[in-house]
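Participant: let me see the structure of the following:
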Amino acid sequence: MTSLPSETLSSQLLSKFVGALADDAEYDELRLRVALEVLLAEAREGHANLLDSEVSFVQYVAARLPGFRPVEQEVAAVHAADLLLARGCALGVPAAVERFERDMLGLVTAAGRKLSMSSEQNDELRQQVRMKLLVPGTGGAAPKVGNYAGTGALRSWVYATGLRTGLNELRRIGRAPVPAGDEQLLVAMPDKNDDQQLQYMKELYRSAFRDAFKSSIQELEDRLANVLRHYYLDEMTLEEIGALYRVHKTTVMRWVNKAHAELEVKTKSRMISHLQLGASEVESVLRLIQSGIQLGLASVLAPGRDS
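Facilitator: Down below sits the predicted model:
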């Protein structure tokens with residue numbers, strides 16, 4: 001557990017952070033101070049050499065908060081060290097890029113293996129993802145790694161990016177994603193905290209989850225489904241989607257969160273009603289549902305695919 005720094009957060013740093021928030025952001029100042037202290041302590045513990053400016057980093061964090069809960073709660077949920085590493089990569093800091101390539105790109109290779117890609121295809125996938133995430137786009141656009149908001153583990157985000165990129169490539173060449181069928185794509189992202197029971201549950205209920213998920217997503221209103229397509233498949237930022245619908249990015253995040261909540265409730269209800277689950281299995285199934293949502297979106301929301 002990360003300990004709090006001995007010195008309290010400066011008023012200037014707090015002021016800079018608050019100034020980067022949306023005008024309607026709600027927070028408790030005392031709790032926010034503590035949350036920011038912990039955030040900075042975790043960032044220093046993870047990558048002290050990348051924390052060039054505490055002010056710049058907290059402003060970077062503020063700009064990426066979903067704006068759906070009180071600010072101090074969202075700050076407390078940020079994966080600080082991961083976000084600091086991603087920020088360094090987005091800024092082109094050599095030490096950050098080197099660390100990312102060493103620690104993260106292997107996850108893209110794992111994603112390619114999950115999709116049964118050949119060795120040559122996997123090498124190409126790795127290079128595609130590296131270019132997408134670490135190299136500035138046309139017209140000086142920031143590298144896509146800047147889209148990472150720290151709301152989940154960076155390892156899971158990179159793995160999911162590898163899966164989405166690989167899926168798009170396999171669709172382009174007209175090849176089925178995996179020999180065993182689309183339900184393989186609903187195996188959730190690897191998590192070092194996953195236990196053997198959960199891995200077993202993923203295999204046991206994979207097909208049932210896919211069926212329940214597909215039925216649930218068909219019930220979403222068109223706008224929510226389209227927003228999810230833009231966010232997960234087209235990899236548009238909240239700002240870009242907001243511009244498309246002429247709304248603020250916080251509204252887009254609310255739509256994304258609403259869609260997630262509806263999918264989770266509906267999928268959970270369908271699975272529990274169709275499967276005979278013991279009390280000890282229910283919690284594992286719920287974790288399966290939560291971890292499978294993003295990859296489910298990648299496989300089910302893609303336009304032009306058969307149900």
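
Participant: touching the host helix or strand of residue 13 from outside, list them.
Facilitator: Assigned by DSSP states H and E, residue 13 belongs to helix 11-19. With contacts defined as CB atoms under 8 Å, 6 or more residues apart in numbering, helix 11-19 is touched by 25, 27, 29, 32-33, 36, 54-55, 58-59, 61-62. In short, each C-beta sits where N, CA and C put it, glycine included.

Participant: C-alpha coordinates for whatever helix or strand comes next after it, CSV please?
Facilitator: Per DSSP H and E, the first helix or strand lying C-terminal to helix 11-19 is helix 29-47. Provided in CSV are the C-alpha atoms of helix 29-47 (Å, rounded to 0.1, in the frame of the first residue of the first chain):
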residue,chain,number,x,y,z
GLU,A,29,-11.9,19.9,-0.9
LEU,A,30,-10.5,17.9,2.0
ARG,A,31,-11.1,14.6,0.4
LEU,A,32,-9.8,15.9,-2.9
ARG,A,33,-6.6,17.0,-1.3
VAL,A,34,-6.1,13.5,0.2
ALA,A,35,-6.9,11.8,-3.1
LEU,A,36,-4.4,14.0,-5.0
GLU,A,37,-1.7,13.4,-2.4
VAL,A,38,-2.2,9.6,-2.9
LEU,A,39,-2.3,10.0,-6.7
LEU,A,40,1.1,11.8,-6.7
ALA,A,41,2.6,9.4,-4.2
GLU,A,42,1.6,6.4,-6.4
ALA,A,43,2.9,8.2,-9.5
ARG,A,44,6.3,8.9,-7.9
GLU,A,45,6.5,5.3,-6.6
GLY,A,46,5.8,3.9,-10.1
HIS,A,47,7.8,6.2,-12.3
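
Participant: run through the neighbouring helices and strands of the helix or strand where residue 210 lies.
Facilitator: Residue 210 is part of helix 206-217 when elements are defined by DSSP H and E. Helices and strands touching helix 206-217, by 3 or more CB pairs under 8 Å, 6 or more residues apart in numbering; DSSP states H and E, are helix 249-274, helix 279-300.

Participant: from the contacts of helix 11-19, pick the one nearest residue 140.
Facilitator: Closest approach to residue 140 among the contacts of helix 11-19 (CB to CB): residue 59, at 20.5 Å.

Participant: excluding chain neighbours, give the residue nearest to that closest one in space.
Facilitator: Once flanking residues are discounted, residue 59 sits nearest to residue 20: 4.3 Å by CB to CB, 6 or more residues apart in numbering.

Participant: give me every residue that touches that neighbour.
Facilitator: 58-59, 62-63.

Participant: quick check: phi and psi at it.
Facilitator: With angles defined as degrees, to the nearest 10, residue 20 sits at phi -90, psi 0.

Participant: residues of stretch 53-70 that come out buried?
Facilitator: Residues 54, 57-62, 64-67 are the ones in stretch 53-70 that count as buried (16 or more other CB atoms under 10 Å).

Participant: oh, that last question was meant for stretch 79-93, not what I typed.
Facilitator: Those would be 79-91, 93, for stretch 79-93 by 16+ other CB under 10 Å.

Participant: domains of this protein?
Facilitator: According to automatic domain parsing, the chain comprises the domains 11-78, 180-307.

Participant: and these, which one's lowest on average pLDDT?
Facilitator: Note on those: domain 180-307 shows the lowest mean pLDDT, a mean of 66.

Participant: go ahead and flag the most central residue of the chain.
Facilitator: residue 157 (4.6 Å; CA atoms, centre = their mean).

Participant: tell me which element that residue is part of?
Facilitator: Residue 157 belongs to helix 154-172, assigned by DSSP H and E.

Participant: same check, this time on residue 112
Facilitator: helix 105-114.

Participant: then residue 69?
Facilitator: Counting by DSSP H and E, residue 69 is found in no helix or strand.

Participant: next, give phi and psi for it.
Facilitator: phi -130, psi 170.

Participant: roughly how far does it sit from residue 229?
Facilitator: 25 Å (CB to CB, to the nearest Å).

Participant: also residue 255?
Facilitator: Distance from residue 255 to residue 229, by CB to CB: 12 Å.

Participant: neighbour count: the two, which is higher?
Facilitator: Higher neighbour count among residue 255 and residue 229: residue 255, with 22 against 16, using other CB atoms under 10 Å.

Participant: so who does the closest residue to the more buried one other than its chain neighbours touch?
Facilitator: The shortest distance from residue 255 to any non-neighbouring residue, by CB to CB, 6+ apart, is to residue 227 (4.9 Å). By CB under 8 Å, 6+ apart, the contact set of residue 227 is 241, 245, 252, 255-256, 259.
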